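Enquirer: Sequence and predicted model, in that order:
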Amino acid sequence: MAAVKPAPFTYRRAATLGEAVDLLAADPDAKVIAGGQSLVPMLNMRLARPGTLVDIGALSALDYVDVVAGRLEVGATATQADVAAHPLVRAHLPVLAAAIARIGHSQIRNRGTVCGSIAHHDPSAELPAVALALDAEILAFGPRGPVSYAAASFFTGTFDTALAADEIVTAVQFPLPAPATGWAFAEVARRSGDFALVGCVALLRTDAAGTVEEARLALFGVASTPVRLPEAEDLLTGRPATAEAFEEAARVAAEHLDPGSDSHASADYRREVAAHLVATTLADAFARTPAGSTADA
Ligand SMILES: Cc1cc2nc3c(=O)[nH]c(=O)nc-3n(C[C@H](O)[C@H](O)[C@H](O)COP(=O)(O)OP(=O)(O)OC[C@H]3O[C@@H](n4cnc5c(N)ncnc54)[C@H](O)[C@@H]3O)c2cc1C
């Protein structure tokens, strides 16, 4: 698609969250801009034509990462790069850092925000899938006050979410996995830095004998939203974490997928890659559990 200049818009830089909400409410065609890494290309291609751009970049009170009551909270203006490098993320939620590492290039991660990626909701994006796998809460603020959305009901379709047009995402809260939970993140893309064709997030908790107590799996790039794989999760729970169990979970996952074909990949290719990623991420997640890390010792 030919790139053109954006359609005319009014630019307003909010000094407070209240001002941002008022500016958004004042123009039904207004849009929030955070890092601009998705919105600016859309403006340039005239895929978005907002009347007003409400820049929240100066809201430094929302530039934070914190751990509160078993949840890692990321504020709306925290950049992907800062979040990935944050000691709390490294210590408590390394799967989030691993997912961010696969987003575009460092220039994009230096400006793009975690909350912007979640609000934007490209179904090929890494962070909505992490949010879904972890049952994240998306916190927002609007003219009717604070509101929160469960990730499971937030992502409603390609570039679509449950967020109302006059609401601003203020933070996302990722519940921390139980101690000793193994994790893995993997995706297949044509080139490094490209959006994924298919990706998978896996979390696995086992007892000391290696029996699965909890499995969480989320795929992206296979539907108009990221998808959990309840049939595969249920199949694994209560069973020994073995390569055979992971292969079976992968088969069950593939049976329940209905990916589309597009110019990037066929449905069959996506289903096959998804199954492969389910099996390999489960094995990698198990290797990061105490039982898995000593299994071959
Ligand atoms: C070349 C290139 C490659 C990329 N590769 C990837 C990739 O591999 N994976 C990936 O996930 N992303 C990729 N991106 C997109 C990037 O990660 C964006 O940073 C991210 O999608 C959006 O975050 P942002 O802060 O830049 O949001 P913006 O671009 O500022 O906004 C995006 C959308 O979200 C809305 N929004 C943003 N913040 C809020 C908020 N707090 N409340 C309400 N609405 C909000 C905006 O109104 C807009 O509709 C790529 C971008 C480029 C240019």
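Expert: On my side now, so go ahead.
Enquirer: Look up the closest residue to the residue at minimal distance from the centre of the chain, ignoring the ones flanking it.
Expert: Nearest to the mean C-alpha position of the chain, by C-alpha atoms, centre = their mean, lies L127 at 1.6 Å. With C-beta to C-beta, 6 or more residues apart in numbering as the criterion, L127 has its nearest non-adjacent residue at 4.4 Å, and that residue is S117. (Each C-beta comes from the backbone N, C-alpha and C, glycine too.)
Enquirer: contacting residues for that neighbour?
Expert: For S117, the contacting residues are S38, Q80, I103, A125, E126, L127, P128, by C-beta atoms under 8 Å, 6 or more residues apart in numbering.
Enquirer: Any chance of TSV for those, columns secondary structure and distance to the ligand?
Expert: Listed next are those as TSV, based on DSSP: H, G, I helix; E, B strand; the rest coil; distance: C-beta to the nearest ligand atom, whole Å:
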residue	secondary structure	distance to the ligand
S38	coil	4
Q80	helix	6
I103	coil	4
A125	coil	3
E126	helix	5
L127	helix	6
P128	helix	8
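Enquirer: need those in JSON lines with pLDDT, can you?
Expert: Formatted as JSON lines, the contacts of S117 follow (pLDDT from 0 to 100):
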{"residue": "S38", "pLDDT": "96"}
{"residue": "Q80", "pLDDT": "98"}
{"residue": "I103", "pLDDT": "96"}
{"residue": "A125", "pLDDT": "96"}
{"residue": "E126", "pLDDT": "97"}
{"residue": "L127", "pLDDT": "98"}
{"residue": "P128", "pLDDT": "98"}
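Enquirer: And the residue nearest to L127, how far from the ligand?
Expert: 4 Å (C-beta to the nearest ligand atom, to the nearest Å).
Enquirer: pLDDT on whichever strand or helix holds that residue, on average?
Expert: According to DSSP states H and E, S117 maps onto helix 114-120. Helix 114-120 shows a mean pLDDT of 98 in the predicted model.
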